[in-house]
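Trainee: Test case, fold it:
(one chain, ligands or ions: 1)
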Amino acid sequence: MSDDRLIVALDVPDALSGLELAEGLGDAVSFYKIGLGMLTGGGLALARELKDDHGKRIFLDMKLFDIGATVEAAVRGLSRFDLDFLTVHGDPHVVDAAAQAKGDMKILAVTILTSLDRADLDAALIRPGDVADLVVERAARAFVAGADGVIASPREAAAIRALPEAAGKLIVTPGVRPAGAARGDQKRTETPAAAIAAGADHIVVGRPVHQAPDPRAAAQAILAELG
Ligand SMILES: O=C(O)c1cc(=O)[nH]c(=O)n1[C@@H]1O[C@H](COP(=O)(O)O)[C@@H](O)[C@H]1O
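Mentor: Sure, this is the predicted structure:
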């Protein structure tokens, strides 16, 4: 089994292209994220195929957010798909509802999207304060509400790791960019090595792998950087 600290985001439109990408990555990558971009393109079927036929771990990124009863019903349905990780928004009522219905899945609570900075939070009417402080506070609340882990940027990972509430919990960081890679819409980024050094258990990387001329070589370079 390869190093499952690297989770590759299969942000391609359909299951066929996702499968081709995963087959090209082969044994270099053992953990995949399937998200909203593949919702109408067979994402859940691909999750089953990668798990059952290829022995991969699966992170389903749905970022659920609704009233508690609806979240609980959605998570109960998804708990039958033998998934490893599932995302919900980190608001305590959402996390609490998801935790009631998660079965064997681990619930990861999104703190503040890595594509947002303080100006974006102002536009969304989110209270003043340093972004990192808000992320850490949301992480602590999500842990207390029953999250198995949180999604944050690598820049906040060390402060989250230092929380007493984080003992035994997972920190998963998107917003990861190898040196020189295009940031795209990500605003709070660090390198793969910096993310792991800061206390991330897993890093999520999408475009720097799937848009690379040689995705397998790109994934291997990231793994080599992790040491
Ligand atoms: O929940 C996520 O996975 C997520 C949370 C977050 O705050 N930021 C974030 O980028 N993501 C996801 O992580 C992946 C990052 O992709 P790249 O920016 O292409 O590496 C995308 O699939 C995003 O949907």
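
Trainee: Okay, now the unreliable bits of the chain?
Mentor: 1 (pLDDT under 70).

Trainee: how does it look with 90?
Mentor: 1-2, 227 (pLDDT under 90).

Trainee: Next to the ligand in this structure, residues from it, please.
Mentor: Residues of the chain lying near the ligand by Cβ under 6 Å from any ligand atom: 9, 11, 35, 61, 63, 87, 110, 113-115, 151, 174-175, 184, 186, 204-207. In short, each C-beta sits where N, CA and C put it, glycine included.

Trainee: ok and the residue in this structure nearest the ligand?
Mentor: Across the chain, no residue is closer to the ligand than G206, which sits at 2.7 Å (Cβ to the nearest ligand atom).

Trainee: Spatially, what comes nearest to that residue if we skip its sequence neighbours?
Mentor: Nearest residue to G206 in three dimensions, chain neighbours excluded: A9, at 3.4 Å (Cβ to Cβ, 6 or more residues apart in numbering).

Trainee: List the residues that contact that neighbour.
Mentor: Y32, K33, G35, D61, P174, V204, V205, G206, V209, H210 (Cβ atoms under 8 Å, 6 or more residues apart in numbering).

Trainee: can I assume the second one sits in a helix?
Mentor: Same thing as K33. No: under DSSP: H, G, I helix; E, B strand; the rest coil, K33 falls outside any helix and is assigned strand.

Trainee: Could you check how far it is from A73?
Mentor: 23 Å (Cβ to Cβ, to the nearest Å).

Trainee: Compare neighbour counts for the two and give me the winner.
Mentor: K33 (23 against 13; other Cβ atoms under 10 Å).

Trainee: Quick check: bridge partners of the more buried one?
Mentor: A9, F59 (DSSP bridges).

Trainee: Pretty sure it sits against V8.
Mentor: Yes: the pair K33 / V8 is scored as a contact, 7.0 Å apart, by Cβ atoms under 8 Å.

Trainee: overlap in contacts of these two?
Mentor: Between them, K33 and V8 share the contacting residues V204, G206, judged by Cβ under 8 Å, 6+ apart.
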